[in-house]
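In: Any chance you can model this:
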Amino acid sequence: MLKNVRRTHTCGQLRAEDIGQTVLLQGWAHSVRDLGGVCFLNLRDRSGLVQITIDERCAPSVLTDAQRVRQEYVIEVQGQVVERARPNAKMPTGRVEILATAVTILNRTEPLPFAIEGGEAHEDTRLKYRFLDLRRPSLQAKLIARHRAAQAARRYLDELGFLEIETPILNRSTPEGARDYLVPSRVHPGQWYALPQSPQIFKQILMVAGIDRYMQITKCFRDEDLRADRQPEFTQIDLEMSFCTSATVMEMAEGVARSMWQAVRGEDIGEVPQLSYADAIERYGVDNPDLRFAMELGDFTHAVSANESTVIQGGLAEGGVCKALVVKEQQPSRKVLDTWTEFVRRYGMGGLLWAKVTDGGWTGPGGKFLSEDEQATMAGTLGAEAGDTVLIGLGQAKHVNPGLGRLRRHIGLELGLAKPGEFKFCWIHTFPNFEWDEDNERWGSTHHPFTSPVLEQVELFGTGREAEIMSDAYDLVCNGYEIAGGSIRIHDSEIQSKVFTALGIDAEEAEQRFGFLLRALRHGAPPHGGIAFGFDRCLMLLTETDNIRDVIAFPKTTKAQDLMAEAPNLVDAVQLAELSVKNTV
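Out: Here you go, the predicted structure:
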């Protein structure tokens with residue numbers, strides 16, 4: 001404990017056992033009630049609130065000083081801890097109050113643009129005055145949770161022998177995936193650094209260097225379109241291990257998640273089920289399923305293949321599929337059903353067939369276009385009963401699966417099927433190693449080009465069966481969010497060459513883009529693999545917010561602006577000339 005500290009206690013620290021003590025507190029005037037001859041102040045700091053009382057027991061000068069205090073003034077209070085005449089059960093300090101012997105104003109404030117607590121303000125206003133927004137106890141609690149989660153992860157990984165090693169922020173650009181943030185070099189005119197989208201290449205080099213176990217809580221940067229769970233600069237818990245299997249990495253990563261959930265919420269995450277990518281898509285339509293509710297998809301492509309309706313046959317044309325789900329004990333209005341139909345169109349579906357199940361049969365388009373036998377098959381598989389609604393998707397699997405899968409979660413949240421404070425984890429593994437890029441008519445990496453294929457399938461390279469090759473990759477999912485993702489890496493240069501060939505990357509291009517990693521891998525690279533946690537997303541779940549900006553101290557808007565610091569901003573022509581660049585707008 002520090003010795004040279006003026007205050008004796010924090011505001012939220014005092015309890016009944018402190019009655020009789022003389023204390024000195026410092027903080028902000030959270031509220032002020034001046035009743036003439038009596039004044040009550042609620043004093044706040046990061047630890048909480050405590051009531052300050054100035055009445056006839058105090059010197060007149062103390063009351064005069066207290067009456068000068070306004071909300072959010074910074075003040076110092078000396079006094080004695082006494083029992084509160086009317087305890088406040090809503091405050092942890094509610095059994096005591098401070099009978100003031102001195103009240104000193106340390107600083108004043110200009111008029112506030114919004115109330116610190118109890119008042120609403122537009123998010124842009126709160127972000128412009130983030131220094132005031134962060135005084136709110138609710139936001140401070142999220143930052144405290146962030147600290148505890150980070151420390152818990154570090155302690156756990158330290159016990160496992162991981163070394164925390166920093167990797168460069170200024171690096172070379174390797175365009176793939178999201179756009180890089182670029183930084184011009186003054187010393188090398190016309191050349192550029194890129195901010196890291198992840199430390200992927202460097203952590204693999206650390207394994208070649210014999211570090212064995214690496215970790216880092218690090219900033220990453222991606223210039224991509226933003227949304228509620230995405231920021232241009234974000235934080236990863238980045239991890240890599242040598243001489244491991246995917247089971248090793250997954251066990252270690254579960255331990256990281258357990259440590260954070262225990263530290264912040266005092267809860268164990270329980271057993272984590274594992275699903276293959278194919279199984280997840282078949283049952284839930286997406287590779288990040290929310291398992292807090294059932295509502296699984298059923299595949300009825302074969303069951304309706306003989307249906308002569310032009311609607312059904314049109315959906316099944318060119319290899320289309322028919323999948324459906326049931327919404328139990330719900331028969332929504334036509335307006336709601338139309339809203340759900342528009343929802344799935346975002347994912348390329350042409351529409352949504354629906355049917356309300358009644359004792360007299362199915363009503364709606366589903367009842368019209370499906371035979372009684374087809375209805376019975378669907379009802380039996382889905383468990384549909386009178387009072388339920390069946391939602392049916394027809395078309396290409398690449399549209400039907402995500403359309404129904406995202407609708408499933410949307411409906412689950414809309415109907416409140418997920419219990420507050422409930423967490424359901426799962427592993428998704430064995431992803432396709434490649435995905436077809438229709439625009440460029442070539443294969444692309446599902447994850448990145450250094451992801452190891454399943455070794456038993458290496459023989460499929462060059463046979464035209466690349467679509468069948470699976471990767472030794474894995475994602476950790478919680479409540480519909482991918483919170484961590486990783487893979488076993490390629491350490492064999494021959495396999496790496498096969499992957500580059502499949503991606504249409506020749507030896508010269510590979511050397512140009514990834515030369516220093518490839519040189520490292522040719523010098524005795526051990527088998528290795530790793531994973532990276534989206535730390536901000538973890539905190540969203542841990543603190544039960546759906547806005548990533550709530551868990552970042554100084555976030556950007558959805559237009560990638562920092563409204564408080566007014567960034568990005570224009571710079572003068574002299575600075576640009578030094579960097580050999582100029583504005584074109």
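In: Go through this structure and flag its longest helix.
Out: helix 137-159 (DSSP state H).
In: who does it touch, helix- and strand-wise?
Out: The contact analysis (3 or more C-beta pairs under 8 Å, 6 or more residues apart in numbering; DSSP states H and E) places helix 137-159 against strand 213-221, strand 233-242, helix 246-265, helix 535-542. Glycine gets a C-beta too; all of them are placed from N, C-alpha and C.
In: by how many degrees do that helix and strand 213-221 diverge?
Out: 150 degrees (axes from the mean of the first three to the mean of the last three C-alpha atoms, to 10 degrees).
In: which neighbours does whichever helix or strand comes after helix 137-159 have in its sheet, and in what orientation?
Out: Once the chain leaves helix 137-159, the next helix or strand it forms, by DSSP states H and E, is strand 163-164. Take DSSP bridges as the rule and strand 163-164 pairs in its sheet with strand 213-221 (parallel).
In: Flag every buried residue along the partner strand.
Out: 213-218, 220-221 (16 or more other C-beta atoms under 10 Å).
In: and Trp436, how many neighbours does it have?
Out: 13 (other C-beta atoms under 10 Å).
In: That one is in contact with Ala467, isn't it?
Out: Yes: between Trp436 and Ala467 a contact is recorded at 7.4 Å, counting by C-beta atoms under 8 Å.
In: Flag the shaky bits of the stretch 101-250 of the chain, pLDDT-wise.
Out: 175-177 (pLDDT under 70).
In: circling back: with distance to Val96 as added columns, please give the helices and strands packed on helix 137-159 in TSV.
Out: Formatted as TSV, the helices and strands packed on helix 137-159 follow (distance: least, C-beta to C-beta, whole Å):
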stretch	distance to Val96
strand 213-221	39
strand 233-242	39
helix 246-265	28
helix 535-542	31
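In: looking at the ones you listed, which is closest to Arg15?
Out: helix 246-265 (23.5 Å; C-beta to C-beta).
In: That closest one: what's the following helix or strand?
Out: strand 274-276.
In: for the stretch 401-550 of the chain, what spans make up the strands?
Out: 425-429, 434-437, 442-445, 473-478, 481-488, 528-534 (DSSP state E, counting those that start in this stretch).
In: Quick one: list the elements packing against the third one.
Out: Of the remaining helices and strands, those touching strand 442-445 by 3+ C-beta pairs under 8 Å, 6+ apart are strand 434-437.
In: Each with direction, which strands does the strand it packs on pair with?
Out: In its sheet, and by DSSP bridges, strand 434-437 pairs with strand 442-445 (antiparallel).
In: Give me the residues contacting the partner strand.
Out: Outside strand 442-445, the residues that touch it by C-beta atoms under 8 Å, 6 or more residues apart in numbering are 176, 433-437, 451, 466, 499, 502-504.
In: Need the max-distance pair from those.
Out: Glu176 and Glu466 (17.9 Å).
In: So the two - more neighbours on which side?
Out: Counted by other C-beta under 10 Å, Glu176 and Glu466 do not tie: Glu466 has more neighbours, with 21 against 13.
In: now that one: how far from Ile428?
Out: Distance, Glu466 to Ile428, by C-beta to C-beta, to the nearest Å: 21 Å.
In: hmm, back to that, please identify which of the strands of the stretch 401-550 of the chain is closest to Glu233.
Out: strand 528-534 (12.6 Å).
In: Format the CA atom coordinates belonging to that closest one as CSV.
Out: Extracted C-alpha coordinates of strand 528-534, given in CSV (Å, rounded to 0.1, in the frame of the first residue of the first chain):
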residue,chain,number,x,y,z
HIS,A,528,2.7,-25.3,-34.4
GLY,A,529,-0.8,-23.7,-34.1
GLY,A,530,-2.7,-21.0,-32.3
ILE,A,531,-5.8,-19.0,-31.7
ALA,A,532,-6.8,-15.4,-31.2
PHE,A,533,-9.6,-14.1,-29.0
GLY,A,534,-11.6,-11.1,-30.0
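In: what's next to it, contact-wise?
Out: 153, 198, 203-204, 207, 214, 234, 236-246, 248-250, 252-253, 256-257, 452, 472, 474, 476, 481-489, 491.
In: swap in stretch 13-29?
Out: By C-beta under 8 Å, 6+ apart, stretch 13-29 touches 6-11, 41-45, 47-48, 50, 52, 69-83, 92-93, 95-96, 98, 106, 135.
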